[in-house]
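> Please work out how this folds:
(one chain, ligands or ions: 1)
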Amino acid sequence: MSEPILSIRGLTKTYKGGIRALDKVDLDIRAGEIFALLGPNGAGKTTLIGAVCGLVRPTGGTMTAFGHDLARDWRAARARIGLVPQELATDMFETVWRAVTYSQGLFGKPYDAARLEEILKSLSLWDKKDAQIRALSGGMKRRVLIAKALAHDPELLFLDEPTAGVDVELRKGMWQQIAALKERGVTIILTTHYIEEAEEMADRVGIIRSGRILMVDEKHAMMERLGTTEAVIDLAAPLAALPPDIAAFPVELGEGGRRLIYRGGSAGEGGGRAEVAQLTQALTRAGIAYTTLDIHDSSLEDIFVGLLGEGEPA
Ligand SMILES: Nc1ncnc2c1ncn2[C@@H]1O[C@H](COP(=O)(O)OP(=O)(O)OP(=O)(O)O)[C@@H](O)[C@H]1O
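Coordinates of the predicted model:
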């Protein structure tokens, strides 16, 4: 693997009052990936982003971005990092154009009107460039946040809950924007508690709870390793007991013998689905007819809920 673009070791943050928002977090981010940090409310996602972007002062640990130690050489690294925060912390009376111009210069980048025009056009904000931000719709305000974060052409972009509270259509639009940024080579870290968002977008997923990273893996590997297949088979006639050939599969009888429920394997091609195919063949061989077969793989959501359900944090 090439050098990580961002490397975090032992990152800890204890807020005044004693809340430990981050607890010895280790994380490496690869150039060009979309990394989704998943966690429930209060897990420490925003604190983690804030620590990298210089908004939160860590209590302990080290962070290296683009080879720069963030504690010693913050500006050089920060100039290459963009942040789309959850909330618009900008002057609402400002025009869109002034807001993005300000952001472009914030880390020493020279004024480049053509680039700003390009960014605003790509986010369908060009015809709003002279509008005051307060006059924009919620969806447009969010796009202004993205435009501001992109104005200095960051190579690493943080998106904190990019689609929290936005409608489905806007969310899909946002996903397209994020995919387009990845195409251009931008590395993306997004936080979300919409599992669907991670499932759709991410190359890798990290799960955080109570300031601790519980798991980091390729999304597909995580789904294959932790996922299962469930098949619900409605039988044409009730069965009093399972014949041995059928009982050899991970199945149980329900609905007074009318329904066979299979749970097993792993999600994905080879695992549970292949075994369900064998199960249906065994049913046919045993002369057991069925009317419907409903099969599905567990989603990232099932996995996530299962992981978070495993005991309360220490
Ligand atoms: N400025 C602060 N002072 C004290 N405690 C804080 C501060 N900011 C966050 N916390 C606490 O730190 C913990 C982590 O908060 P954080 O905002 O990082 O979580 P999050 O995962 O981003 O949650 P959400 O999804 O709700 O944004 C929470 O218990 C929160 O109450």
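
> Out of the helices and strands in the protein, which is least certain?
The weakest-scoring helix or strand in the chain, judged by mean pLDDT, DSSP states H and E, is helix 300-308 (a mean of 71).

> Who are the contact partners of the residue in the stretch 51-200 of the chain positioned nearest to the ligand?
Relative to the ligand, the nearest point of the stretch 51-200 of the chain is H193 (5.9 Å; CB to the nearest ligand atom). For every residue, glycine as well, the C-beta is placed using N, CA and C. H193 makes contact with L38, G39, P40, N41, E161, A164 under the criterion CB atoms under 8 Å, 6 or more residues apart in numbering.

> hmm, try it at 10 Å
H193 is in contact with L37, L38, G39, P40, N41, A43, K45, E161, A164, F304, counting by CB atoms under 10 Å, 6 or more residues apart in numbering.

> If we check the ligand, which of those residues are in contact?
G39, N41, A43, K45 (CB under 6 Å from any ligand atom).

> want to try a markdown table for the residues you listed, with secondary structure and neighbour count as columns?
What follows is those, written out as a markdown table (DSSP: H, G, I helix; E, B strand; the rest coil; neighbours: other CB atoms under 10 Å):
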| residue | secondary structure | neighbour count |
| --- | --- | --- |
| G39 | coil | 23 |
| N41 | coil | 6 |
| A43 | coil | 25 |
| K45 | helix | 27 |
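
> bridging residues for the residue positioned nearest the centre of the chain?
The centroid of the chain falls nearest to A36 when counting by CA atoms, centre = their mean (2.9 Å). For A36, the beta-bridge partners under DSSP bridges are L190, V205.

> so it sits right up against R204, yeah?
Yes. Shown here, A36 and R204 form a contact pair, counting by CB atoms under 10 Å, at 7.5 Å.

> Common neighbours of those two, please.
I189, A198, K219.

> In this structure the first one contacts E155, no?
No. At 11.9 Å, I189 does not count as touching E155 under the criterion of CB under 10 Å.

> neighbour-wise, which of the two wins?
I189 (27 against 17; other CB atoms under 10 Å).

> Below-threshold pLDDT in the protein: ranges please.
1, 88-90, 266-270, 299, 309-314 (pLDDT under 70).

> got the residues of it near the ligand?
Residues of the chain found near the ligand, taking CB under 6 Å from any ligand atom as the criterion, are 15, 17, 19, 21, 39, 41-47, 193.

> thinking again about what came up before, can I get the shared contacts of A36 and R204 in a markdown table with distance to A241?
Listed next are the shared contacts of A36 and R204 as a markdown table, based on distance: CB to CB, whole Å:
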| residue | distance to A241 |
| --- | --- |
| I189 | 53 |
| A198 | 43 |
| K219 | 41 |
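
> quick check, nearest of these to V52?
Distance ranking of the shared contacts of A36 and R204 against V52, using CB to CB, places I189 first at 8.4 Å.

> Distance-wise, check that closest one relative to Q177.
15 Å (CB to CB, to the nearest Å).

> quick one: the helices in the stretch 151-300 of the chain?
168-183, 195-201, 219-226, 244-247, 272-285, 300-308 (DSSP state H, counting those that start in this stretch).

> For A131, which residues are in contact?
Contacts of A131 by CB under 10 Å, 6+ apart are T95, V96, W97, L125, M140, V144.

> shared neighbours of I189 and E155, which are they?
I5, I81.

> Outline the domain layout of this structure.
Under automatic domain parsing, the residue ranges defining each domain of the chain are 6-224, 228-297.

> continuing past the host helix or strand of L120, what's the next helix or strand?
Per DSSP states H and E: L120 is located in helix 113-122. Using DSSP H and E, the next helix or strand after helix 113-122 towards the C-terminus is helix 138-150.

> ok, and for that following helix, which residues are buried?
Buried residues in helix 138-150, defined by neighbour count with 16 or more other CB atoms under 10 Å: M140, K141, R142, R143, V144, L145, I146, A147, K148, A149, L150.

> Brilliant, that's me finished.
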